[in-house]
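Asks: here's my sequence, what's the structure:
(chains A, B, C and D)
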Number of protein chains: 2
Amino acid sequence: MRAQTTDFAQALRKAGLRVTQQRVVLLSKLMEAVDHPTAEDLFARICAVDDSISLATVYRTLSALEEAGLIRKLSFESEPARFEITPTAEHDHLVDVDTGEVIEIASEEINRLRSELVTRLGYEIVSHHALIRARKI
Amino acid sequence: MRAQTTDFAQALRKAGLRVTQQRVVLLSKLMEAVDHPTAEDLFARICAVDDSISLATVYRTLSALEEAGLIRKLSFESEPARFEITPTAEHDHLVDVDTGEVIEIASEEINRLRSELVTRLGYEIVSHHALIRARKI
DNA sequence: GTTAATGCAAATCTTTTGCATGCGG
DNA sequence: CCGCATGCAAAAGATTTGCATTAAC
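Replies: Have a look, this model is predicted:
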């Protein structure tokens, strides 16, 4: 725990951001999340342990952390945005249309093909995100 | 022109929707669009030729047409939704982060791999959409 | 001490909805 | 005619912002 808190502080400093209690708590809550929480979700989870945070700060912090590349924003269809700690390996998301469950899927093969295709068009990928809506067979 | 209008009417009827002037105009404007317009964009383009439409109707029509499978809704990051006529071949979108330009990209290879991967997880794809943010090299 | 970050509340932006009216079948 | 579709205006939901205050460095 202690070590992790320090890590968050270092990551924030490295990104040129001040180390505030709110930012550290938000990062830790996002790190321990097994789902992909929305800003409201995070706000509720943080309030449970420390109610000295406002929703506005959650949004501002999420923006700052995204800009710094520490977290990733996921835009699902007609839903509030969801967030995750920036993944080490690029992956996509499969949403179960019946249950709403989100599953992370990755394929080196697909990533490689996509990268080739984009390069052939004269571009370099800044980021990508594939959203697959699917149903259990 | 005449033939196309008829086509729109038929498509609407087949979807069990009433054929109204607003729906036909919206479909034709979306069909002739080379970009991926937002609801506001479409509203403006329709108003230019027929100002007897409201923004609410644009939204309602877009929802109805999407539900009927005639059009596809694209959710880009932190932007209003964009729409396109349902493509015959599945494709993804590359957004030029500098210019905002949207390019359609498709790869049978990627589609096949993705499909296999999802099947292996015990799911069948309902829809999918990959968004690649990229920059010219 | 400076400056950036925060909390609060109000504002903004996109999208949806209630209701009376009008048009399509 | 009947019922769905429309226009208008108001509401809703997510996110952003102005401003005074507080905390980080």
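Asks: which secondary structure state does the residue positioned nearest the centre of chain A sit in?
Replies: Nearest to the mean C-alpha position of chain A, by C-alpha atoms, centre = their mean, lies A:E84 at 2.0 Å. Three-state assignment for A:E84 (DSSP: H, G, I helix; E, B strand; the rest coil): strand.
Asks: now it: how far from DNA strand D?
Replies: Per C-beta to the nearest atom of the strand, to the nearest Å, A:E84 is found 14 Å from DNA strand D. All C-beta spots, glycine's among them, are computed from the backbone N, C-alpha and C.
Asks: contact partners for that residue?
Replies: Residues counted as contacts of A:E84 (C-beta atoms under 8 Å, 6 or more residues apart in numbering or on different chains) are A:L30, A:A33, A:H36, A:I71, A:R72, A:L74.
Asks: which of those residues ranks first by neighbour count?
Replies: Greatest neighbour count in the contacts of A:E84, by other C-beta atoms under 10 Å in any protein chain shown, goes to A:L30: 23 neighbours.
Asks: residue ranges of the strands in chain A, please?
Replies: A:71-74, A:82-85, A:92-96, A:102-105, A:123-136 (DSSP state E).
Asks: B:A11 is nearest to which of the ones you listed?
Replies: Judged by C-beta to C-beta, the one of those that comes nearest to B:A11 is strand A:123-136, at 23.1 Å.
Asks: in the closest one, what counts as buried?
Replies: A:Y123, A:I125, A:S127, A:H128, A:H129, A:A130, A:L131, A:I132, A:R133, A:A134 (16 or more other C-beta atoms under 10 Å in any protein chain shown).
Asks: picking that back up, nearest to A:V102 among the contacts of A:E84?
Replies: Using C-beta to C-beta, A:H36 is the member of the contacts of A:E84 that lies nearest A:V102, at 5.5 Å.
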